[in-house]
Each structure stands twice: as structure tokens, then as C-alpha cells.
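Q: Below is the sequence, then the predicted model.
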Amino acid sequence: MKIDESEFIIVLAPMAGITNGEFCKKMALLGFDMVTLGGYNVDDHTIEAGRKILARGRPEFDIKKENIILEIERQAEIIKNSTNAMVSVNLRSVSPDPIIEISKLKGIDVVEINAHCRQPELTEIGCGQALLSNLDKLKYLLDEVVKKSKSKVSVKIRANIPGNDDLKISRIIQDGGADYLHVDAMKPGFEMADYQLIRSIKGTTDIFLIGNNSIRNIETAREMLDAGSNAISIARATMGGNIPFDLSLI
Ligand SMILES: Cc1cc2nc3c(=O)[nH]c(=O)nc-3n(C[C@H](O)[C@H](O)[C@H](O)COP(=O)(O)O)c2cc1C
């Protein structure tokens, strides 16, 4: 297991309904240092929300509550059996308990709190990016998970949501004891990441920063690292089951 953070630079970002064990294993064999399973819906509320999302045609992992723990352990095992990649798991939950339970599973190196998804079925129940406008809830979730987790803890956020203070949110996540801050530096109206925001977050925090959004070639990967990200993550560029550039050149 790679746990030395200097060795972990290239991360597969989560894609619900896509990034299962087999997909992550394939990406790990192509050179990703850390792969992210999920996002999984892991409590009654988010499982129900996921079913509604699935019903309107978006990809989701639809796993029954009684099977979720075993299923995540099985998916992590698929990756660990044939690669050295670190395994993170992106989790949607309104309560900390399932996240803490999953942090104890064999094969899980990182639990990632999803403060990112914007589907209304999830935000209506206070999950995903709704956590970024309910900072007391975010602090509570993070505090409980950090206190009791057996794995490292990441928080994935979506940047540039009108009304949110991304620097304040980043400091809360750092001060709450998270190991990693995973930022989707989405820049509304642009097909590129908000590198200036990454620079600003780096300037006001010391947390290990995973920069995400619109990395599709060596240039955009380097730009994200040059802006101050400690690691980069990639989602859509892998959707075809491949990566259109040589990760070893980053
Ligand atoms: C089909 C799909 C499903 C996604 N599901 C999740 C998810 O469950 N949890 C999450 O944090 N991000 C999710 N994302 C967001 C990606 O992890 C990533 O933040 C976003 O696509 C921007 O990165 P990219 O430009 O490299 O694709 C999803 C993205 C796509 C395209």
C-alpha cells in the first residue's frame, strides 16, 4: 500500500455508477496512484435519493443498505488484489456512522465525505454540496469521522457555488482535521478549472490539496500542479475506460 503522500499524485476521481472495483483496477494499472470508488449512497436517505436519480436516467450505484458494507469491501479487494494503488471511497451520507464503519474495512485507505454532488434529490436531504451551505453540519460530520475513522479522511467539495466562501470552507476542513481536501475547481461557463482559486486555497491552508476539474492532457495536469495542488484528480477523461495521455509524463 502506498501511504507515503509524496508518491501519490494522480487520483481517479469518483463517478457514480462507473467507478467500481473493475474500473478502478483498470485505471490503477494505467498509472493512477489512488483510485476512488463510488460515490456510494450508504444510508437509508441517500439510498432512496439515489434510486430517484437512477429513475430519471443518471448513472448510480444502487445497493441495498444490508449489502453496502460487504459490497464496498469486495470492490476494494478487486483493486487491492492486483494493484498497489491507494483506495479511496466517496460516500454520501447524512450521518457519520456509515462512513466510520466503512473506514474500518480491509482495503480502504481513505474515506471521502461527499460535499460535492448537486443532484436535487441529494441536496434536499442536506447531503452533497448542501453541506457547503450548512457549515455546522459539515463540521459535525467531519469531526465525528475524524475522531473515529480508521482510514485517512478526505472531503470533496465543489467550488464557485454562488454565495459560498471557498477559502473559509477550506480552512474549516483543514481545522476539522481532514487529511485531504479534494476540490472540484469548476469555473462556471468555462471548460477549464479555476486555477486562481487553487492558488488562493494553497495560500491560506496547509492541507494536502487534490485539484480537480477539466484535466484532459499533460498541459492541464501540469497547470493544476503548478497552481499548488499536491495531487490531481481526473474523472471524465477516463470515461471511455482509458486515459488519453501518458500519466508517467506528468
Ligand atoms: C458520471 C459522473 C458521476 C459523478 N459522480 C460523482 C460522485 O458520485 N461523487 C463525486 O464527488 N463526484 C462525482 N462526479 C464528479 C467528478 O468526480 C469530478 O469532480 C468532475 O467530473 C470534474 O472532474 P473532470 O473534469 O476530471 O471530469 C461525477 C462525475 C461524472 C461525470
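A: Structure's in. What do you need? Numbering: from 1, shown residues only.

Q: following the helix or strand hosting residue 27, which helix or strand shows up next?
A: Here residue 27 is covered by helix 21-29, with elements defined by DSSP states H and E. Remark: after helix 21-29, the chain's next helix or strand is strand 34-41, criterion DSSP H and E.

Q: Partner strands of that next one and their direction?
A: strand 10-12 (parallel), strand 86-92 (parallel) (DSSP bridges).

Q: So what's the model's average confidence on the shortest one?
A: Taken as a whole, strand 10-12 has a mean pLDDT of 98.

Q: ok, now the last one?
A: Rounded to a whole number, the mean pLDDT of strand 86-92 is 98.

Q: Using PDB, list the CA coordinates for it.
A: Only the C-alpha atoms of strand 86-92 are listed here, as PDB (Å, rounded to 0.1, in the frame of the first residue of the first chain):
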ATOM      1  CA  MET A  86      -4.400   3.500  -2.700                       C
ATOM      2  CA  VAL A  87      -8.100   3.100  -2.400                       C
ATOM      3  CA  SER A  88     -10.400   5.900  -1.500                       C
ATOM      4  CA  VAL A  89     -14.200   5.600  -1.300                       C
ATOM      5  CA  ASN A  90     -16.500   8.600  -1.900                       C
ATOM      6  CA  LEU A  91     -19.600   8.400   0.400                       C
ATOM      7  CA  ARG A  92     -22.900  10.200   0.500                       C
END
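
Q: and it, is it in reach of the ligand?
A: Yes: Strand 86-92 is in contact with the ligand by C-beta under 6 Å from any ligand atom, via residue 90. (Each C-beta comes from the backbone N, C-alpha and C, glycine too.)

Q: so how far is that strand off the chain centroid?
A: 6 Å (C-alpha atoms, centre = their mean, to the nearest Å).

Q: what angle sits between it and helix 21-29?
A: Using axes from the mean of the first three to the mean of the last three C-alpha atoms, to 10 degrees, one finds that strand 86-92 and helix 21-29 are set 140 degrees apart in direction.

Q: Quick one: residues in contact with the next helix or strand after strand 86-92.
A: Per DSSP H and E, the first helix or strand lying C-terminal to strand 86-92 is helix 97-103. Outside helix 97-103, the residues that touch it by C-beta atoms under 8 Å, 6 or more residues apart in numbering are 42-43, 68-69, 72, 89, 91, 93, 108, 111, 113, 141, 144-145, 148-151, 153.

Q: so where's this structure shaky on pLDDT?
A: Applying pLDDT under 70 to the chain picks out residues 1-7.

Q: Strands along that one, start to end?
A: Ranges of strands within the chain are 10-12, 34-41, 86-92, 110-115, 152-158, 180-184, 208-212, 231-234, based on DSSP state E.

Q: could I get the ones you listed as CSV with distance to residue 54?
A: As requested, those are exported to CSV (distance: least, C-beta to C-beta, whole Å):
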stretch, distance to residue 54
strand 10-12, 22
strand 34-41, 10
strand 86-92, 13
strand 110-115, 17
strand 152-158, 21
strand 180-184, 22
strand 208-212, 24
strand 231-234, 24
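
Q: quick one, which of the ones you listed is nearest to residue 62?
A: Closest to residue 62 of the strands of the chain, according to C-beta to C-beta: strand 34-41, at 8.0 Å.

Q: Report the distance from that closest one to the chain centre.
A: Using C-alpha atoms, centre = their mean, the offset of strand 34-41 from its chain centre is 7 Å.

Q: just stretch 123-143 next, same as before
A: Counting by C-alpha atoms, centre = their mean, stretch 123-143 comes out at 15 Å from the chain centroid.

Q: With stretch 160-177 instead?
A: Worked out by C-alpha atoms, centre = their mean, stretch 160-177 lies 16 Å from the chain centre.
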